[in-house]
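Asks: Kindly return the folded structure for what I paste below:
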Amino acid sequence: MLTSSRALLIAAVLCVFAASAQEPPQPVRVRGTIQSFDGQKLALATKSDGVVQLAVSDTTGINGVEAKTAAAIGDNTFIGATAVKDAAGRWQATEIHIFPESMRGAGEGHYAWDLPESSMTNGAVTGNTSGGSGRTLHVTYAAGETDVAITPKTVIVALTLGDRSLLVPGAAVFALAIPQEGGNANAVAIVAETQGVKPPM
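Replies: The predicted structure is shown next:
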């Protein structure tokens, strides 16, 4: 089971942060492949920003991922779903991550995500339908509800407890980091590839 402190750190990964000019630097999402890790500095090769250096401390939350199927998503399961709209305007999940019970409520809501034309919905599954095109989840969150369809292309994973042993060259990671003066950034939370399963968010 995740510790409460680690759960809070990883919960931040899947939240949306509203920034203003008066606020301190806001966390940014970084996706990349590990080039090196010396115990303090994590070098990530990214598609858009080249090599990014992240500082990793004892307070950095580290989680892995485990492959799952739609059968693991039952009534009241708390999930996060990245989705895009189809031609009919319906949300179709590109990925779904299942939260452990200790992280119920993490990033709850429905909001824009930083992938092209995507949204993130974090909430509890309160019903579903099945049809010829697949399964559609009814997801309820504090401010409302929405439907998200599972398709044959939807990647489904569960968050698992991780540690620094996952931070090896070649591993794919998704990180939340806080920019610092001078162009550096401190990693708040990292979700790392685990036994070949990559973080899909």
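
Asks: Please count neighbours and contacts with C-alpha atoms only from this point.
Replies: Noted.

Asks: Surely residue 165 forms part of a helix?
Replies: Yes. Counting by DSSP: H, G, I helix; E, B strand; the rest coil, residue 165 is found in a helix.

Asks: pLDDT at residue 115, what is it?
Replies: You'll see residue 115 listed with a pLDDT of 87.

Asks: Pull the number of nearby residues for it.
Replies: 12 (other C-alpha atoms under 10 Å).

Asks: how about it, phi and psi?
Replies: Main-chain dihedrals, residue 115, degrees, to the nearest 10: phi -80, psi 160.

Asks: mind listing what residue 139 touches?
Replies: By C-alpha atoms under 8 Å, 6 or more residues apart in numbering, the residues touching residue 139 are 121-127, 145-148.

Asks: Count the residues that sit near residue 47.
Replies: For residue 47, using other C-alpha under 10 Å, the count is 10.

Asks: For it, which residues are in contact?
Replies: residue 32.

Asks: at 10 Å what do you get?
Replies: 31-33 (C-alpha atoms under 10 Å, 6 or more residues apart in numbering).

Asks: from the residues you listed, which is closest to residue 99?
Replies: Distances from residue 99 to the contacts of residue 47, taken as C-alpha to C-alpha, are shortest for residue 31 (19.9 Å).

Asks: Just the buried residues out of the contacts of residue 139, in PyMOL syntax.
Replies: Applying 16 or more other C-alpha atoms under 10 Å to those leaves a buried subset, and the PyMOL line that selects it is:
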select buried, resi 121+122+123+124+125+126+145+146+147+148
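
Asks: List just the nearest of the contacts of residue 139 to residue 156.
Replies: For these, the nearest to residue 156 is residue 148 (13.1 Å; C-alpha to C-alpha).

Asks: my read: the closest one touches residue 123, true?
Replies: No. With contact defined as C-alpha atoms under 10 Å, residue 148 does not count as touching residue 123 (11.1 Å).
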